[in-house]
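S.K.: return atomic coordinates for the entry below.
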Amino acid sequence: MMAAERVGVYKAFIVMLNLTAWMVLIAAAGLGTINFHECPVQPHIPTYLIVIGACGVISLMLAYLKNTLHEGALSQLCTVSIFCILLFSICWMLTDDMAVAELVAKCLQARELAYCPYSHFPVGAAILTSGGTIITGCNVENASYGLTVCAERTAIQRAVAEGHRSFTAIAVTCDIKDSFVGPCGACRQVLMEFGTEWDIYLTKPDGSYKKTSLRDLLPLAFSPAHLAKD
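M.R.: Take a look at the predicted model:
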């Protein structure tokens, strides 16, 4: 009887553990989806929750399928699939976080190179191309003030000169510590020339950032699409 009771308790524990896992993973995916656009200071948290929840649910489903199968090729395939899904989710999160961290670090470094003897307002920018290359720029002022070039435009011009035409993100920083500062209107229009789907990371000197998008910063924008012939 003692052995049977232990088996019963063990099975009940496994059932409760599985139910808890299901609830946590589904809740994670649900919260990530609901709050996808509501976490600007830490924008990756909702995405992480969605990926963790979805990968976890799929892994559990594959584990249940594996338990219903006899040992064989299909059972081994389930095991390999679970391993690959978990490995993908871990690598994806590490890679994505590292890419943003590097982009932010590069724009901070670029700010230190700014030539701003008149305004004393250094700005740095770092652009991420679709191929994963990071191109930096800083503001370059001129005694004839109208000839001053902003950091964002310096980075764009440099990237174009190096053969890049497709971009996914830009990080921008200045020396203002108590608020997030975005690109000027002219720079927003220049960014729009190369697509509407930009992620923009407004970065403080301490490295903290707020994620926004070019669509949010320049709504109802004029773009090359308006010049397309019918």
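S.K.: please count neighbours and contacts with C-alpha atoms only from this point.
M.R.: Will do.
S.K.: chain center to stretch 124-138, what's the gap?
M.R.: 15 Å (Cα atoms, centre = their mean, to the nearest Å).
S.K.: repeat that for stretch 113-127.
M.R.: Its chain's average C-alpha position is 25 Å from that of stretch 113-127, according to Cα atoms, centre = their mean.
S.K.: ends of it, how far apart?
M.R.: Start-to-end span of stretch 113-127 (Cα to Cα, to the nearest Å) is 16 Å.
S.K.: now swap in stretch 110-123 and tell me
M.R.: Termini of stretch 110-123 sit 8 Å apart (Cα to Cα).
S.K.: can you list contacts of it?
M.R.: Applying Cα atoms under 8 Å, 6 or more residues apart in numbering, the contact partners of stretch 110-123 are 124-126, 136-141, 143, 150-151, 172-175.
S.K.: buried among those? Make that a ChimeraX selection.
M.R.: Those of these that count as buried under 16 or more other Cα atoms under 10 Å are selected in ChimeraX with:
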select :124,125,126,136,137,138,139,140,141,150,151,172,173,174,175
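S.K.: P46: which of the contacts of stretch 110-123 is nearest?
M.R.: Distance to P46 across these (Cα to Cα) is lowest for V172, with 22.6 Å.
S.K.: that's a strand at that closest one, yeah?
M.R.: Yes - counting by DSSP: H, G, I helix; E, B strand; the rest coil, V172 is found in a strand.
S.K.: related to what we said a few turns ago, now the two most distant members of the contacts of stretch 110-123.
M.R.: It's A126 and A143 that sit farthest apart of those, by Cα to Cα, at 25.2 Å.
S.K.: measure C184 to Y145 for me?
M.R.: For C184, the distance to Y145 - Cα to Cα - is 15 Å.
S.K.: check contacts around the residue nearest to H164 when sequence neighbours are not counted.
M.R.: Closest residue to H164 apart from its sequence neighbours, by Cα to Cα, 6 or more residues apart in numbering: T129 at 7.1 Å. Going by Cα under 8 Å, 6+ apart, T129 touches 135, 164-169.
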